[in-house]
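[1] Return atomic coordinates for the entry below.
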Amino acid sequence: MKTANPLVPAFITCMREGYNFKLFRSDVIAGLTVAIVALPLAMAMAVASGASPDKGLVTAVVAGFFISFLGGSRVQIGGPTGAFVVVIFDIIQRFGFNGLILASIMAGLILIIAGYARLGKLIKYIPYPVITGFTTGIAVIIASSQVKDFLGLQVDSVPADFLNKWYVYLSNLDKVTYSALAMGALGLATIIVCKKISPKIPSYLVSILLISALAYGFSMDIETIGTRFPSLPTGLPSPVWPEFSLKQIRALVPSAFTIAFLAGIEALLSAVVADGLIGHKHSLNQELVGQGVANIASGIFGGIPATGAIARTATNIKAGGRTPVAGIFHAIFLLIFLYTAMDILAFIPMAALAAVLFMVSWGMSDLKHFTQIAKISPSDRTILFLTFALTVMVDLTVAIGVGVTFASLLFMRHMSRSVEIRKQHCKSEYETHDGEDPSDDEIEIPEDVTVLQINGPLFYGFASEFCDRLKAVEQLPRILILRMRFMPYLDASGENSIEEILNICRQHKTFVIFSAVRPQPRKILERAGLHKKLDGAIAPDFDEALKMAKKLLKDEDFIMKHIDPTKA
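    Prediction:
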């Protein structure tokens, strides 16, 4: 797989490699195909987020252009996605649309800083159960938010809280508009049938066109985009910098970080899928920079947050898109629709958009991986269900924070359990082959020498237990050899525990020899100044450590001098 240049837009890389008419033709066709798919999705995502449909189209045009032009992936298609729906809805409810624009710009700045700081790889360390948990939770919330439009419920307002929302639904089932329900069900069935026949069919667009034609032809009294949003603007709005205050910026910081985090996660997942399909590796850091600029631009033009869209990116690849030019033309075609088709789009029933969002939610839920993770282990199952429940019942930001924290704690617990301190009784122990036990005549360790081998990283999850085990020993030997060849990592807590061990051994008049210290732990010990106290007590390997121990046993004065400097 060809690797992308770091912090160089994929567009520039493709132009440098050479661009011909054949690629241009394929990219234009792919761009038109993706634009047709993105048209209903962009509007549906905006409506689900609590914004007007034109905001979704503006986002797909502006953010989609910059994600393709400045991003690190050759085929990434950007725009509004389901991952942002919950966050956007919450921000609009609490801070208004101006607050959303400000949060989007702040998130863009965070993404740019993260990209140039080369923090993109950190996103890879988010546990998969956390990602699956909040993604499935978002899918449930999106689907729940569309029940009112799908059923055509005649209710004034629906609470944002999940349980209260469903209480209102169930309490008002007698207010269902059956014509809207019929159109929604037909739209849902159309999408499913089209996907069964051929994945190349733009099923969302076919469904919306069919339902819109039937609703208009039979003059059905159901809610449409035009009746809910009677004054939709035509064309791209003028750029405007939002009003802001320091107090508002502070209040929006958590939301901005959430948007940036979700944008990074979605970009990573989408770009990884694309890499496998086209054989080119993306530059994640440049992708973050491109998305940062895209979100800033989207906010300035009055759009909503955006990121890479997995389904639209896959559609682009299948349609023949191979360079960012396809994504740029996708934005150009959407811009044409924005200027020429808004009057027609006003006739789309809300039930038709609800059907589209039901299918989007089903695709996001990823039930296959959800059930698979639930079967793997109790800890993964706990993280998955905890993140899912908090996403649905509490808040997405809380869910991500608690999920990642809990996963980290469980990981440290497992790591601390994997660390092992074993007393070695013979030289060949841990060095034998084929499971053979060493014979008694191989034992070469003197009586006054104890060898402890540390298997695993010595970090804060295990450091205190390491000291406790040594303190529990009633009588320490004259010489203690610590074998560290299987200890790859040492942190500040581990270093402190080693310093405490040296003090304990000094009190018991025990001399400590360190054997085969690896580079990272050695560097930590040197930076902490412990290497001065260990002068002459670090052996390059175990054989040298044993020779040193035997020699020291014959030199009692040397041991006492190193244990108690006052007797030197």
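
[2] Which stretches in the stretch 401-550 of the chain count as helices?
    Assigned by DSSP state H, counting those that start in this stretch, the helices in the stretch 401-550 of the chain fall at 463-471, 492-507, 519-527, 530-533, 542-553.

[3] Relative to residue 159, which of these is closest?
    helix 492-507 (46.6 Å; C-beta to C-beta). C-beta: built from backbone N, CA, C; applies to glycine.

[4] Please save the CA atoms from the closest one in CSV.
    Output in CSV follows, covering the C-alpha atoms of helix 492-507 (Å, rounded to 0.1, in the frame of the first residue of the first chain):
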residue,chain,number,x,y,z
ALA,A,492,7.6,7.7,37.3
SER,A,493,5.7,5.6,39.8
GLY,A,494,7.8,2.6,38.9
GLU,A,495,11.0,4.7,39.3
ASN,A,496,9.8,5.8,42.7
SER,A,497,9.1,2.2,43.7
ILE,A,498,12.7,1.2,42.7
GLU,A,499,14.0,4.1,44.8
GLU,A,500,12.0,2.9,47.7
ILE,A,501,13.3,-0.7,47.1
LEU,A,502,16.8,0.6,47.3
ASN,A,503,16.1,2.3,50.6
ILE,A,504,14.5,-0.9,52.0
CYS,A,505,17.5,-2.9,50.9
ARG,A,506,19.9,-0.4,52.4
GLN,A,507,18.1,-0.7,55.7
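
[5] And it, how far out from the chain middle?
    Distance of helix 492-507 from its chain centroid, counting by C-alpha atoms, centre = their mean, to the nearest Å, is 38 Å.

[6] What residues of that helix count as buried?
    By 16 or more other C-beta atoms under 10 Å, the buried positions in helix 492-507 come out as 493-502, 504-506.

[7] what inclination does it have with respect to helix 519-527?
    70 degrees (axes from the mean of the first three to the mean of the last three C-alpha atoms, to 10 degrees).

[8] tell me what helix 492-507 is packed against?
    Counting by 3 or more C-beta pairs under 8 Å, 6 or more residues apart in numbering; DSSP states H and E, the packing neighbours recorded for helix 492-507 are helix 463-471, strand 511-515, helix 519-527, helix 530-533.

[9] deepest of these, which one?
    strand 511-515 (a mean of 23; mean count of other C-beta atoms under 10 Å).

[10] Other residues contacting that one?
    With contact meaning C-beta atoms under 8 Å, 6 or more residues apart in numbering, strand 511-515 is reached by 478-485, 501-502, 505, 534, 537-539, 541-542, 544-545, 548-549, 552, 559, 562-563.

[11] hmm, which of the residues you listed are the buried ones?
    By neighbour count, with 16+ other C-beta under 10 Å, the contacts of strand 511-515 hold 478-484, 501-502, 505, 534, 537-539, 542, 545, 548-549, 552, 559, 562-563 as buried.

[12] got the residue ranges for the strands in the stretch 301-450 of the chain?
    Using DSSP state E, counting those that start in this stretch, the strands of the stretch 301-450 of the chain run over 307-308, 420-424, 449-455.

[13] mean pLDDT lowest for which of these?
    Note on those: lowest mean pLDDT is at strand 420-424, with a mean of 65.

[14] circling back to that earlier point, show me the one of the helices and strands packed on helix 492-507 that comes nearest residue 22.
    Closest to residue 22 of those, according to C-beta to C-beta: helix 519-527, at 50.9 Å.

[15] Who are the packing partners of that closest one?
    Short answer (3+ C-beta pairs under 8 Å, 6+ apart): helix 519-527 packs on helix 492-507.

[16] just the angle between the helix it packs on and helix 463-471, please?
    10 degrees.

[17] thinking again about what came up before, can you say which two of the buried residues of helix 492-507 are spatially most distant?
    Pairwise over these, using C-beta to C-beta, the maximum falls at 493 and 506, 20.4 Å.

[18] residues of the helix or strand where residue 44 lies that come out buried?
    Residue 44 belongs to helix 21-48 when elements are defined using DSSP states H and E. Neighbour counts over helix 21-48 (16+ other C-beta under 10 Å) mark 23, 26-28, 30-48 as buried.

[19] One more: stretch 84-101?
    84-92, 95, 97, 99-101.

[20] out of the residues you listed, which are inside helices?
    Counting by DSSP state H, the members of the buried residues of stretch 84-101 that fall within helices are 85-92, 95, 97, 99-101.

[21] what's the most distant pair in these?
    86 and 101 (17.8 Å).

[22] what number of residues lie near residue 172?
    15 (other C-beta atoms under 10 Å).

[23] so how far is residue 215 from the residue nearest to residue 145 when sequence neighbours are not counted?
    Distance criterion C-beta to C-beta, 6 or more residues apart in numbering; nearest residue to residue 145, sequence neighbours excluded, is residue 48 at 5.7 Å. Distance of residue 48 to residue 215, given as C-beta to C-beta, to the nearest Å: 20 Å.

[24] picking that back up, any chance of the helices of the stretch 401-550 of the chain in JSON lines, with mean pLDDT and distance to residue 116 too?
    Shown next, in JSON lines, are the helices of the stretch 401-550 of the chain (pLDDT from 0 to 100; distance: least, C-beta to C-beta, whole Å):
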{"stretch": "helix 463-471", "mean pLDDT": "71", "distance to residue 116": "35"}
{"stretch": "helix 492-507", "mean pLDDT": "84", "distance to residue 116": "28"}
{"stretch": "helix 519-527", "mean pLDDT": "87", "distance to residue 116": "27"}
{"stretch": "helix 530-533", "mean pLDDT": "66", "distance to residue 116": "36"}
{"stretch": "helix 542-553", "mean pLDDT": "85", "distance to residue 116": "46"}
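
[25] What is the neighbour count of residue 138?
    That count, for residue 138 with other C-beta under 10 Å as the rule, works out to 26.

[26] residues in contact with it?
    82, 83, 85, 86, 364, 391, 396.

[27] redo that, cut-off 7 Å
    If you count contacts by C-beta atoms under 7 Å, 6 or more residues apart in numbering, residue 138 has them with 82, 83, 85, 86, 364, 391.

[28] what does residue 319 give?
    Applying C-beta under 7 Å, 6+ apart, we find residue 319 in contact with 29, 30, 33, 34.

[29] picking up where we left off before, of all the helices of the stretch 401-550 of the chain, which one comes closest to residue 11?
    helix 519-527 (39.5 Å).

[30] Show me the shaky parts of this structure.
    Along the chain, segments meeting pLDDT under 70 span 1-5, 416-444, 461-463, 471-474, 531-536, 556-568.

[31] since we're on residue 353, how many residues are nearby?
    Residue 353 - counted by other C-beta under 10 Å - has 30 other residues nearby.

[32] So which residues of the stretch 201-350 of the chain form helices?
    203-217, 225-228, 246-278, 284-300, 310-318, 324-340, 342-345, 350-365.

[33] distance of the residue sitting nearest the centre point of the chain from residue 382?
    Among the residues of the chain, residue 265 comes closest to the average C-alpha position under C-alpha atoms, centre = their mean, at 3.5 Å. Per C-beta to C-beta, residue 265 is found 21 Å from residue 382.

[34] what does residue 195 give?
    In terms of C-beta to C-beta, residue 195 sits 34 Å off from residue 382.

[35] And for residue 27?
    Residue 27 sits 46 Å away from residue 382, going by C-beta to C-beta.

[36] Hmm, residue 242 and residue 101 touching each other?
    Yes - using C-beta atoms under 7 Å, residue 101 and residue 242 qualify as a contacting pair, with a distance of 4.4 Å.

[37] Provide the backbone phi and psi angles at the closest residue to residue 233 other than its chain neighbours.
    Nearest in space to residue 233, with sequence neighbours left out and distances taken as C-beta to C-beta, 6+ apart, is residue 54 at 5.8 Å. For residue 54, the backbone dihedrals (degrees, to the nearest 10) come out as phi -60, psi -30.
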